[in-house]
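1. Below are the sequence and a predicted model; questions follow.
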Amino acid sequence: MFTSVDDVSARLAATGYLASPAVATTVFLADRLGKPLLVEGPAGVGKTELAKAVAEVAGARLVRLQCYEGVDESRALYEWNHAKQLLRISAGRDETWDETRTDIFSEEFLLTRPLLTAIRGDDPKVLLIDETDKADIEVEGLLLEVLSDFQVTVPELGTITATRRPFVVLTSNASRELSEALRRRCLFLHIGFPDEELERRIVRLKVPGLDAALAESVVRVVGALRAMDLRKVPSVAETIDWAHTLLALGADTLDETVVRDSMGVLLKHQDDVLKAAAKLDLDAV
Amino acid sequence: MTAPSAGAVSDRLTGLVAALRAHGVRIGTGETVDAAQAVAALGLADRELLREGLAATLLHGTGQRQVFDPVFDLYFPRGVGGPDGESADREDLRERLASALASGDQALMAGLAAEAVDGLGGYGASPGSDGWSSYQTLDRLRPQTLLARVRDDIRARSGGPEFADRLLDDEIRRRIEVFRGLVAAEARRRVAERRGRDEIARRAVAPTADRVDFLFAGKAQLAELRRTVQPLARKLATRLAARRRRAARGSIDLRRTLRGSLSTGGVPMRPVLRRRRPARPELVLLCDVSGSVSGFSDFTMLLVQALHDQFSKVRVFAFVNRIDEVTGLLVHGAADPEGLGARIRAEATLTGWHGSSDYGVALGEFAERHENAVGPRTTVFVLGDARTNMSDPNLPALRHIAERARRTYWLNPEQRSQWGTGDSAAPAYAGLVDMHECRTARQLGTLVTRLLPV
Ligand SMILES: Nc1ncnc2c1ncn2[C@@H]1O[C@H](COP(=O)(O)OP(=O)(O)OP(=O)(O)O)[C@@H](O)[C@H]1O
Ligand SMILES: [Mg+2]
């Protein structure tokens, strides 16, 4: 899919995703080695966005499995459409039970879910398994099976094997430690907060109307807040939100008043706001 | 980096993997094969790409990176030998460092770190006793004293006063920290050329914070550990929630199952499980906060505080030779974890007429004055090394507490082989309650997941 690491960077950038060297290198390798990519990192650093950008670059369909507590096989893999099957049974055509049974366990009654969708068909796909850490540990067994062989067995239909393997991205906030076995299947990528230069470029790209000097100040202030011991430090998503807010407020430089009035966009906890105000010498907030 | 031959590269890779394994990173053969493929795909021309590629294939978690980077620097060094040219003198180095810090130019800073170690860091003349010291380099160069000069330099270059300028000092300090790290890495590289990288990779690379012994952790390591409290607490909370869910699963709620089956034509497709909603358990912590074990008890208290909404009630008592409740201090202390220990020692009554730990007196005082804190729903944790300074361990007091409580555990930060040596009453106490060795944050995490009631 890619000719070099630089090629990855350039093509991701063309979709609006600015990759650090670590991100570009790992995406390049995931493609070359044909391995799933496990992306870990704090909220709002562009994990989900990366998968979308790769899909766009590859001209691939994005198939997304959003994990949550309680997600199970019937949501992740496939499920029989019971209601439709019952209707078909009670429609009671003139046929033997064996015939009926063969019929109701056919494609027509199968509800495919993301994992199955991703391995069927010949079109290129990116499978995004988002927030894997939110799912229960049992689901990992399922992922492991699918990601090892890229095949799924539906007892009534047989084994379905991918003719074309999807590019797989798993994301995690590390709220739960994923199992060793799953980690071993994957290339590992930690996305942390970007360095100043990269974050400036992200801000300029996402908020084009913002003055360059102001963008620089924005990134410096956010960097200072990240160095503090806060309950929740601002992420890239918050930096972008703050830049948008400043643009909307018509600010062309930072000063005490502007920062104080817009601080709520960056920090979500009142004690963090107080600490930051002290650090930034803002008068009583 | 001078391009090594293919055989040399695979030797280095093997060495790198062995060194990482020695630091507890679990790497299988599959990963080693992937790493070799990564090297083939990326080539050797760009060292930073190689670093990222090897990290992606060999590592499985974020915490391993801080071990990986220094080890990588040893096996795939920036270069060989010292920098070309004669060694620079101190004033000239400081001059150039100031301007590199002002522009924040990392490549320049790395070059200067190499020159600094070469010119200022060498010691000893005879082979075998000579080497390169980052400590000596930094002591002679004193980069921290460049702050004012760098600040003036940046101010003079920039347009005019700016809001973000109030952050300047901190920003410069962070750059100086980066430079200190570069010097440390360079000194390790030079030493490794002398003594062999395998040995240096094992000895001179610090373990990850969660594997550092509480009892031997330095100030910086304790600070780093404190930063892991919130993420660790989040992780543990999810595990506790999972255990709680499993405990609550079980019997089928027939009425709700039938109601749910209406959508499937009366066929009960999805059994509905009855949810027990047991009252959340109560927790009592008795913590030795005397100097010898304070790193351990401070960390554990912060962790438990971060987990407090998992319990219906958490009460924390601290002692040295007298015991006092510190629950309130802890609740307010969450915002300022560094100051917690000092505040507890300043504001609570923990010592009588001498300053060393006395478990017997402290346990006795607890059993007498606070026994109502412990009831049939309470799990008690005692934290400490059980070193009583030769005084009476007062076993009846601990027995009394354990009889009132639902469960009682003792977490001991000392290595098990030390229990019972000298003034340690650990074996006597371990005869009454479950005592566990708990030397590192990693062990604590595992124990907490296993032992905390749900
Ligand atoms: N390198 C980047 N280039 C372009 N945009 C980025 C980059 N990093 C982050 N962003 C922007 O930051 C926002 C947050 O990204 P995203 O939702 O992907 O974060 P996330 O890591 O998935 O967070 P969460 O863990 O909360 O799901 C997006 O609007 C995205 O556009
Ligand atoms: Mg996301």
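-> Sure thing, it's come through. Ligands and ions are numbered 1, 2, ... in the order given.
2. got the contact list for the most centrally placed residue in chain A?
-> Among the residues of chain A, the one closest to the centroid is A:Thr48, at 2.2 Å (CA atoms, centre = their mean). A:Thr48 makes contact with A:128, A:130, A:171 under the criterion CB atoms under 8 Å, 6 or more residues apart in numbering or on different chains. The way it works is simple: take the backbone N, C-alpha and C, and place the C-beta from them, glycine included.
3. Helices of the stretch 151-285 of chain A, start to end?
-> Remark: helices assigned in the stretch 151-285 of chain A by DSSP state H, counting those that start in this stretch are A:180-185, A:196-206, A:212-226, A:236-249, A:256-266, A:270-279.
4. Could you export those helices to CSV, including columns for mean neighbour count and distance to ligand 1?
-> Conversion of the helices of the stretch 151-285 of chain A to CSV gives the following (neighbours: other CB atoms under 10 Å in any protein chain shown; distance: least, CB to the nearest ligand atom, whole Å):
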stretch, mean neighbour count, distance to ligand 1
helix A:180-185, 16, 18
helix A:196-206, 17, 5
helix A:212-226, 20, 13
helix A:236-249, 19, 4
helix A:256-266, 17, 14
helix A:270-279, 16, 18
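5. between those, which gets nearest to B:Arg369?
-> Closest to B:Arg369 of these, according to CB to CB: helix A:270-279, at 33.0 Å.
6. hang on, the earlier thing: which strand or helix spans the residue nearest to the centre of chain A?
-> Counting by DSSP states H and E, the element that carries A:Thr48 is helix A:47-58.
7. Next, the angle from that helix to helix A:236-249.
-> Helix A:47-58 runs at 90 degrees relative to helix A:236-249, counting by axes from the mean of the first three to the mean of the last three CA atoms, to 10 degrees.
8. how many other residues sit next to B:Gln66?
-> 15 (other CB atoms under 10 Å in any protein chain shown).
9. Wasn't it part of a helix?
-> Yes - using DSSP: H, G, I helix; E, B strand; the rest coil, the secondary structure at B:Gln66 is a helix.
10. so after the biggest helix by length in chain B, what's the next helix or strand?
-> Secondary structure of chain B per DSSP state H: the longest helix is helix B:168-195. For helix B:168-195, the following helix or strand on the C-terminal side (DSSP H and E) is helix B:197-203.
11. could you give the mean pLDDT of the helix or strand immediately after that next one in the chain?
-> Next helix or strand after helix B:197-203 toward the C-terminus (DSSP H and E): helix B:219-227. What helix B:219-227 shows for mean pLDDT is 78.
12. Just confirm yes or no for helix B:219-227 near chain A.
-> Yes - interface with chain A: helix B:219-227 contributes B:Arg227 (CB under 8 Å from any CB of the partner chain).
13. contacts for that helix?
-> A:229, B:206, B:209-210, B:212, B:217, B:295, B:298-299, B:302, B:337-338, B:441.
14. Kindly provide the distance from B:Leu303 to B:Val316.
-> Using CB to CB, to the nearest Å, B:Leu303 is found at 11 Å from B:Val316.
15. Same check on B:Ala187?
-> According to CB to CB, B:Ala187 and B:Val316 sit 43 Å apart.
16. Now find how far off-centre the helix holding A:Thr48 is within its chain.
-> 9 Å (CA atoms, centre = their mean, to the nearest Å).
17. and the closest residue to B:Arg155 other than its chain neighbours, backbone torsions?
-> Ranked by CB to CB, 6 or more residues apart in numbering or on different chains and with sequence neighbours excluded, the top spatial neighbour of B:Arg155 is B:Asp165, at 7.3 Å. Main-chain torsions, B:Asp165, degrees, to the nearest 10: phi -60, psi -20.
18. Near the closest residue to ligand 1 within the stretch 101-250 of chain B, how many other residues are there?
-> Nearest residue of the stretch 101-250 of chain B to ligand 1 (CB to the nearest ligand atom) works out as B:Arg234 at 13.0 Å. Other residues within reach of B:Arg234, judged by other CB under 10 Å, total 17.
19. Same check on A:Gly59?
-> The number of residues packed near A:Gly59 is 9, by other CB under 10 Å.
20. That one and A:Val126 touch, don't they?
-> No - using CB atoms under 8 Å, A:Gly59 is not in contact with A:Val126, being 10.1 Å away.
21. re earlier: among the contacts of A:Thr48, which ones are buried?
-> Those of these that meet the buried threshold are A:128, A:130, A:171, by 16 or more other CB atoms under 10 Å in any protein chain shown.
22. Can you flag which of the residues you listed belong to strands?
-> Per DSSP state E, strands hold the following members of these: A:128, A:130, A:171.
23. is chain A contacted by stretch B:25-40?
-> Yes - residues of stretch B:25-40 contacting chain A under CB under 8 Å from any CB: B:26, B:28, B:30-31, B:34, B:37-38.
24. That stretch: how far from the chain's middle?
-> Computed by CA atoms, centre = their mean, the chain-centroid distance of stretch B:25-40 equals 27 Å.
25. For B:Val284, list each beta-bridge partner.
-> For B:Val284, the beta-bridge partners under DSSP bridges are B:Arg315, B:Val380.
26. OK, contacts around it?
-> So B:Val284 contacts B:314-317, B:373-374, B:378-381, B:405 (CB under 8 Å, 6+ apart).
27. Take those residues and lay them out in JSON lines including pLDDT, neighbour count and distance to ligand 1.
-> Shown next, in JSON lines, are the contacts of B:Val284 (pLDDT from 0 to 100; neighbours: other CB atoms under 10 Å in any protein chain shown; distance: CB to the nearest ligand atom, whole Å):
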{"residue": "B:Val314", "pLDDT": "90", "neighbour count": "20", "distance to ligand 1": "29"}
{"residue": "B:Arg315", "pLDDT": "92", "neighbour count": "19", "distance to ligand 1": "35"}
{"residue": "B:Val316", "pLDDT": "91", "neighbour count": "25", "distance to ligand 1": "33"}
{"residue": "B:Phe317", "pLDDT": "93", "neighbour count": "24", "distance to ligand 1": "38"}
{"residue": "B:Ala373", "pLDDT": "93", "neighbour count": "20", "distance to ligand 1": "40"}
{"residue": "B:Val374", "pLDDT": "94", "neighbour count": "24", "distance to ligand 1": "41"}
{"residue": "B:Thr378", "pLDDT": "92", "neighbour count": "21", "distance to ligand 1": "37"}
{"residue": "B:Thr379", "pLDDT": "92", "neighbour count": "19", "distance to ligand 1": "34"}
{"residue": "B:Val380", "pLDDT": "94", "neighbour count": "25", "distance to ligand 1": "38"}
{"residue": "B:Phe381", "pLDDT": "93", "neighbour count": "24", "distance to ligand 1": "33"}
{"residue": "B:Ala405", "pLDDT": "94", "neighbour count": "21", "distance to ligand 1": "40"}
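28. Return the closest of the residues you listed with respect to B:Phe76.
-> Using CB to CB, B:Phe381 comes nearest to B:Phe76 of the contacts of B:Val284, at 45.4 Å.
29. Next one: the closest one from chain A, what distance?
-> 23 Å (CB to the nearest CB, to the nearest Å).
30. ok, now which ones touch B:Glu437?
-> Neighbour list for B:Glu437: B:412, B:414-416, B:443 [criterion: CB under 8 Å, 6+ apart].
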